[in-house]
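**Q** Sequence and predicted structure, then a few things I'm wondering about:
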Amino acid sequence: MESLNELRAFPEAFPSNRLVVLGDVILDRYWWGECDRLSPEAPVPIVRKRRSTVRPGGAANTAANLVALGAVVAVAGVVGADGPAAELRNELKAASIAAFLVEDPARPTTCKTRIMAFHQQVARVDEEETADLPDELAGAVARWVAGELPNCQGVVISDYGKGFLTPGLLAKVIALANEQGCRTFVDPKGPDYKRYAGCFLLKPNRLELGLLTTMPVRNREETLKAGRTLASWMPGTTVLVTEGADGMTVFAPDGREEHVSSVRRQVFDVTGAGDTVLATVSLAICAGATLRHAVELASRAAAIAVSGMGTVAVTREQLAGAH
């Protein structure tokens, strides 16, 4: 294990890096209220709404985490021609995130509204359209990425399965990045691992690993079998499997395997923790960290993220001070 002093000192190198984020941007909306009785109309809680907040979610949360860690970030995604799109643009601007958001009038901006009562989520309402991004908009995104690559150290791809990351766009972006010697870091969605061929690092959780390999992944032993299988199918790609309380396991292209234990914290909300891990690992590697060092940092960042409520962007100062 890297020394604690090294882990605390390393985030100082983060601000020298610029990264591009691509993926399904989401507006995370929270309705906060109180609840002390059930409805007489149905067995559901009555929540008295007191306030509401919004946060960048999905790929936008990954971008927000990178900025909080000190990186310079530009994010690309798709939104609708609606009010939530304007809210999301405002949130990204407030977080100092440059945004290339193509507008598709045929879909709503993806929005997740969580209803919270006394810090407990009692319901979630999703507004989304998951059809593939039209070819003309995908082409515009690919051209934007090509223009950004010469000035960035890494590309972070956050796939939430909402249709933005079409197979053609993924293949084009990964190929462009490889041509520039720019590493790509991917959080996958769905059963088709071939969509991410050529990426530098793939970060599934256990559920996603099971989908990608069609193998059972219920414990450490099954995780090792499935992780080795996926790594064998993706030569040249590092596979990082997040395992919740069981930590994270790295399957390197040369066959090395490393396990990093989780950092114990009281868990209040796991929303966005995967975005935090992806952002931290990507930025640490781009800043020169070893893979082991990057995963140690990501484990600490995830512990901070799950100890708060709602979508949380972990700061560089929090990470540097984490035990």
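**A** Thanks, I have the structure now. For clarity, every value in this text was computed on a predicted model and none was experimentally measured.

**Q** Give the residue spans of the chain that score low on pLDDT.
**A** 1-13, 264-272, 306-312, 320-323 (pLDDT under 70).

**Q** Can you pull up the most central residue in it?
**A** Centroid check for the chain by Cα atoms, centre = their mean gives D275 as the closest residue, at 2.7 Å.

**Q** Make sure it is indeed in a helix.
**A** Yes. Assessed by DSSP: H, G, I helix; E, B strand; the rest coil, D275 belongs to a helix.

**Q** Now do it against V281, distance only.
**A** 11 Å (Cβ to Cβ, to the nearest Å). For glycine as for every other residue, the C-beta is placed from the backbone atoms N, C-alpha and C.

**Q** Bridged to the closest residue in space to V141 that isn't next to it in sequence, which residues?
**A** Once flanking residues are discounted, V141 sits nearest to A76: 5.3 Å by Cβ to Cβ, 6 or more residues apart in numbering. Legend: beta-bridge partners of A76 under DSSP bridges are L22, F100.

**Q** Wait, A76 touches A98, no?
**A** No. Applying Cβ atoms under 8 Å as the test, A76 and A98 come out as separate, 9.6 Å apart.

**Q** Of these two, which one has the most company?
**A** A76 (25 against 16; other Cβ atoms under 10 Å).

**Q** what's near enough to touch the more buried one?
**A** With contact set as Cβ atoms under 8 Å, 6 or more residues apart in numbering, A76 has these partners: V20, V21, L22, A99, F100, L101, V102, V141, W144, V145.

**Q** Tell me the one among those nearest to M234.
**A** L22 (19.1 Å; Cβ to Cβ).

**Q** distance of that closest one from L101?
**A** From L22 across to L101, the span is 11 Å (Cβ to Cβ).

**Q** what's the span of stretch 228-245, first residue to last?
**A** 20 Å (Cα to Cα, to the nearest Å).

**Q** when you give positions from now on, start the count at 46
**A** Understood, numbering begins at 46; the last thing we discussed is stretch 273-290.

**Q** and the residue nearest to G213 when sequence neighbours are not counted, what is it in contact with?
**A** Using Cβ to Cβ, 6+ apart and skipping residues adjacent in sequence, the residue nearest G213 is A183, 6.2 Å away. Taking Cβ under 8 Å, 6+ apart as the criterion, A183 is in contact with T211, G213, L214.

**Q** so which strand or helix has the residue of the chain most remote from its centre?
**A** What lies farthest from the middle of the chain is P85; by Cα atoms, centre = their mean that is 40.0 Å. Under the criterion DSSP states H and E, no helix or strand holds P85.
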